[in-house]
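# Sequence first, predicted model second:
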Amino acid sequence: MPGIVIVGVQWGDEGKGKATDLLGERTDWVVKFNGGNNAGHTVVIGDEKYALHLLPSGILSPGVNAVIGNGVVVDLEVLFDELEALNARGLDTSRLRVSANAHIITQYHRTLDKVTERFLGKRMIGTTGRGIGPAYADKINRVGLRMQDLFDENILRQKVEGALDQKNHLLVKVFNRRAITVDEVVDDLLSYAERLRPMVCDTGLLLGDALDAGEVVVFEGGQATMLDVDHGTYPFVTSSSATAGGAATGSGVGPNRLDRIVGIVKAYTTRVGSGPFPTELFDEQGEWLRSRGFEFGTTTGRPRRVGWYDAPVTRYATRINGITDLVLTKLDILTGLERIPVCVAYDVDGTRFEEVPVNQSDFHHATPILEYFRGWTEDISSARTFEELPAAAQDYVLALEAMSNTRISVIGVGPGRDAVIVRHDLLD
Ligand code: GDP
Ligand code: IMO
Ligand code: MG
């Protein structure tokens, strides 16, 4: 079972980093296939806490080969800051490889991200401001810069000139910003070239060879299904393919190499940024969930929007991704609730919808139809088998499983690496 994809089911921050890390000791490769430093993964190992944005979480496991795939957009300053921070804590990061085809986030992408959001006013997406959207836009517009361009100054200069040509008109005439010079961009990028050279290669070839040799490759998705540019709540999405299909295109292996698709889903729901969120809570229960679950962004520190579990969203994600196993995280956070509401369907202006509506306006108008489950008060953080969970917690998990059309293989009961209940081995 060598190719395992990890994807977020909801709107991100489900605990994907922890899931990758959990598999880390038994995997040979971890490849990040989409997004960039808009992601934020917190991984707790013993007393140590790591916050990663750009690097795949697999970098924390000694012996794992970490790869940044072609589907990622890379901010070079962030890349080296993160590597240096891990090195300072004694981690060996020398096994990192970066795709020669990965695109680069530059200063002008970050600037454009921020000014575009400001211009959108009330319609703003609430992006992380890291330049993600503009970098992917340049990729699709065929004016992007790729890792391999760093090693040919002439080509790099030509490409930066081409990219800045239109952008400077936009920055100066529309956004009232100063023009960015070709020299400042080229000098900045070239300052990383020599350090990057040993890392940059044909990562699709490396991964293909690894899979041929029977090695285990984990494809670590950033963001999540509902933030996917095609399948999410467009336009309130990120600009990459965060669903399982993106694992193939974003890393350069064939879809038939993806053997297992693992969806990570929280026992309730959170969202950062704008866009529809049917089960969102605005009352003191929401405050309770936010503070109990530490729901503040790893990347921007923004308080996350919180709400109850949304079963149609999980069912949708199961279908879109072909999820074979779910990892249900943060079940421990629900401890203490007398009853736990779950959204089982939506009411859209008087009509019942069993599934996520395809029409965006319908989803904006959707209110949750809730079913209530019995809560529990026992501390579950030290449970390591399903049977050790209180009966009400077992019932809650089984009910979610029945509604999601796939099995819940792992249950998270705490932030630590080993605070999990494994019902089915993800590598079997
Ligand atoms: P990611 O973006 O999907 O990797 O998730 P984040 O790291 O942004 O957010 C998930 C947070 O939940 C992190 O702080 C994790 O340490 C924490 N976490 C993951 N699984 C569990 C769990 O089962 N219980 C608790 N209490 N915390 C968890
Ligand atoms: P992880 O990997 C949660 C959200 C932003 C915004 C939208 C677009 O930690 O789950 P972008 O900067 O990507 O153009 O912003 O997507 N967003 C995330 N929300 N978790 C993430 O990553 C996110 N990455 C982007 O808040 O609404
Ligand atoms: Mg996160």
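Nice, thanks for sending it over. Ligands and ions are numbered 1, 2, ... in the order given.

# What residues does the stretch 1-150 of the chain have near ligand 1?
8, 12-18, 39-42, 44 (CB under 6 Å from any ligand atom). C-betas here are computed from N, CA, C, even on glycine.

# Which residue ranges of the stretch 101-250 of the chain form helices?
Counting by DSSP state H, counting those that start in this stretch, the stretch 101-250 of the chain has helices at residues 107-120, 132-140, 153-169, 182-196, 203-212, 244-249.

# what do you get for the stretch 251-400 of the chain?
For the stretch 251-400 of the chain, the helices defined by DSSP H, counting those that start in this stretch cover 284-292, 311-321, 360-365, 391-404.

# Now render these as TSV, adding distance to Ser99.
Output for the helices of the stretch 251-400 of the chain, formatted as TSV (distance: least, CB to CB, whole Å):
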stretch	distance to Ser99
helix 284-292	37
helix 311-321	22
helix 360-365	33
helix 391-404	33
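
# Nearest to ligand 3, out of those?
Ligand 3 lies closest to helix 284-292 among these, at 14.9 Å (CB to the ion).

# which stretches of the chain have low pLDDT?
1 (pLDDT under 70).

# Recalculate using a threshold of 90.
Within the chain, the stretches falling below the threshold (pLDDT under 90) are 1, 21-22, 24-25, 46, 62, 122, 297-302, 417, 428.

# Which residues are in contact with the residue of it found nearest ligand 1?
Closest to ligand 1 within the chain is Gly412: 2.2 Å, counting by CB to the nearest ligand atom. If you count contacts by CB atoms under 8 Å, 6 or more residues apart in numbering, Gly412 has them with Gly15, Lys18, Val327, Leu328, Thr329, Lys330, Leu331, Asp332, Ala419, Val420.

# same deal with Ile68?
Applying CB under 8 Å, 6+ apart, the residues near Ile68 are 31-32, 54-56, 74, 79, 96-99, 102, 203.

# Any idea what it is bridged to?
Ile68 has these beta-bridge partners by DSSP bridges: Lys32, Val98.

# Also the one 5 residues further on?
Taking DSSP bridges as the rule, Val73 bridges to His103.

# What number of residues are in the vicinity of it?
By the criterion of other CB atoms under 10 Å, Val73 has 28 neighbours.

# tally of neighbours for Phe119?
Residues near Phe119, counting by other CB under 10 Å: 11.

# again but with Glu338, I slipped
9.

# Arg339 too?
Arg339 has 10 nearby residues by other CB under 10 Å.

# how close does it sit to ligand 3?
29 Å (CB to the ion, to the nearest Å).

# what does Ile4 give?
With CB to the ion as the criterion, Ile4 and ligand 3 are 19 Å apart.

# Looks to me like that residue is in a strand.
Yes - if the criterion is DSSP: H, G, I helix; E, B strand; the rest coil, then Ile4 is within a strand.

# got the residues of the protein near ligand 3?
For the chain, the contact set with ligand 3 under CB under 5 Å from the ion comprises Asp13, Gly40, Thr298.

# what's the closest non-adjacent residue to the last one?
Nearest non-adjacent residue to Thr298, counting by CB to CB, 6 or more residues apart in numbering: Gly40, 2.8 Å away.

# Among the residues of the stretch 1-150 of the chain next to ligand 1, which lie within helices?
Among those, the members found in helices (DSSP state H) are Lys16, Gly17, Lys18.

# Would you format the residues you listed as TSV with neighbour count included?
As requested, those are arranged in TSV below (neighbours: other CB atoms under 10 Å):
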residue	neighbour count
Lys16	27
Gly17	27
Lys18	25
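
# And those, which is closest to Asn321?
Distance to Asn321, by CB to CB, is smallest for Lys16 among those, at 12.8 Å.

# correct me, but the closest one touches Gln223?
No - the criterion here is CB atoms under 8 Å, and Lys16 misses it with Gln223 at 9.1 Å.

# just how off-centre is stretch 294-308 within its chain?
Remark: stretch 294-308 is offset 14 Å from the chain centroid, using CA atoms, centre = their mean, to the nearest Å.

# let me redo that: stretch 216-235
6 Å.

# can you check stretch 38-52 too?
Going by CA atoms, centre = their mean, where stretch 38-52 is centred and where its chain is centred differ by 14 Å.

# With stretch 80-92 instead?
21 Å.

# so where do the strands sit in the stretch 201-350 of the chain?
217-220, 260-266, 269-271, 305-307, 309-310, 325-329, 339-348 (DSSP state E, counting those that start in this stretch).

# Adding distance to ligand 1, write these out as a markdown table.
Below are those laid out as a markdown table (distance: least, CB to the nearest ligand atom, whole Å):
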| stretch | distance to ligand 1 |
| --- | --- |
| strand 217-220 | 9 |
| strand 260-266 | 6 |
| strand 269-271 | 8 |
| strand 305-307 | 12 |
| strand 309-310 | 14 |
| strand 325-329 | 4 |
| strand 339-348 | 16 |
